[in-house]
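> pasting the sequence and the predicted coordinates here, then a few questions.
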Amino acid sequence: MNTAPVLEITGLSGGYSLNKPVLHDVALTVQPGEMVGLIGLNGAGKSTTMKHILGLMSPHKGDITVQGKTRAKDPESYHNALSFVPEAPLLYEEMTVREHVEFTARSYGVDRADYESRSLQLARLFNMEDKMDTLSAHLSKGMKQKVMIMCAFVARPALYVIDEPFLGLDPLGIRSLLDFMMDLKTSGASILLSSHILSTIENYCDRFVLLHHGRVIAQGTLAEMNAAAGGRAQNLEQLFYELVQGGK
């Protein structure tokens with residue numbers, strides 16, 4: 001059994017300015033079949049970390065590997081091994097839902113039969129069957145978010161990087177997304193999930209990484225983090241507040 005991390009970040013420092021880094025020596029891993037929750041206050045560095053993983057920003061120092069590959073040495077293998085769900089949906093207004101999903105599937109080299117079965121499954125899962133031929137310009141914000149999720153999941157990469165996916169989703173959509181992510185995890189996929197809705201992700205993530213002012217101030221299972229913090233917290237939200245307040 002392969003026990004090498006799917007995602008490994010070591011000594012990552014970076015940001016928008018060389019003189020003022022946002023991230024400071026960030027280190028984290030995501031193992032095969034693991035869901036890791038990336039948590040922190042607004043401005044803690046969660047989205048910046050994800051931008052570095054995606055290659056949208058270049059590290060000032062440190063290394064990022066996906067399935068042992070770096071973006072610099074093997075960009076095609078690196079990017080083919082991951083899929084991204086952004087916080088805000090970004091779609092082509094004059095393309096239909098179906099065209100978006102098919103375009104993504106083609107980009108990842110998904111064969112036609114797999115595309116057909118997966119797109120049908122995703123459309124049913126997110127109640128989008130009657131919207132597949134609708135232009136994205138005519139969709140609600142929540143439906144646009146569902147399209148982004150469907151595009152990410154029509155491929156089957158090793159790693160999913162998911163940034164605040166619950167914004168705009170209705171309760172049924174949130175439950176469908178969580179259940180589907182658990183199915184993917186069971187099949188061996190790895191997920192790095194950022195969310196402020198701590199009560200929702202508490203029972204789904206295997207481990208958590210807490211960023212504060214661009215630094216990892218705690219990581220591990222809920223029990224491990226709680227023990228390190230004194231064992232007083234009853235849930236993830238309480239533990240979060242104790243650690244963040246203590247880190248100020």
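Looks like it came in fine. Residues are numbered from 1 along each chain as shown.
> what separates the most centrally placed residue in the chain from Arg106, distance-wise?
Nearest residue to the geometric centre of the chain (CA atoms, centre = their mean): Ile162, 2.0 Å. Distance, Ile162 to Arg106, using CB to CB, to the nearest Å: 22 Å. Backbone N, C-alpha and C define where each C-beta goes, glycine included.
> give me the distance between the residue nearest to the centre of the chain and Met57.
Distance from Ile162 to Met57, counting by CB to CB: 18 Å.
> so for the host helix or strand of Thr29, what gets flagged as buried?
Element membership for Thr29, per DSSP states H and E: strand 23-30. Within strand 23-30, the residues that count as buried by 16 or more other CB atoms under 10 Å are Leu23, His24, Val26, Leu28, Thr29, Val30.
> domain parsing for the chain?
Listed by automatic domain parsing, the domain ranges of the chain are 7-81+157-246, 93-155.
> and the shortest one, what's its mean pLDDT?
Meaning domain 93-155. Mean per-residue pLDDT for domain 93-155: 96.
> tell me how far it lies from the chain's centre.
Remark: domain 93-155 is offset 18 Å from the chain centroid, using CA atoms, centre = their mean, to the nearest Å.
> how long is that domain end to end?
This stretch, domain 93-155, spans 22 Å end to end (CA to CA, to the nearest Å).
> about what we covered before: what about dumping the CA coordinates of the strand holding Thr29 to PDB?
Only the C-alpha atoms of strand 23-30 are listed here, as PDB (Å, rounded to 0.1, in the frame of the first residue of the first chain):
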ATOM      1  CA  LEU A  23       2.700  32.500   4.600                       C
ATOM      2  CA  HIS A  24       5.500  31.700   7.000                       C
ATOM      3  CA  ASP A  25       7.100  28.200   6.900                       C
ATOM      4  CA  VAL A  26       3.900  26.400   6.300                       C
ATOM      5  CA  ALA A  27       4.100  22.600   6.400                       C
ATOM      6  CA  LEU A  28       1.300  20.100   5.900                       C
ATOM      7  CA  THR A  29       0.500  16.800   4.200                       C
ATOM      8  CA  VAL A  30      -2.600  15.100   2.900                       C
END
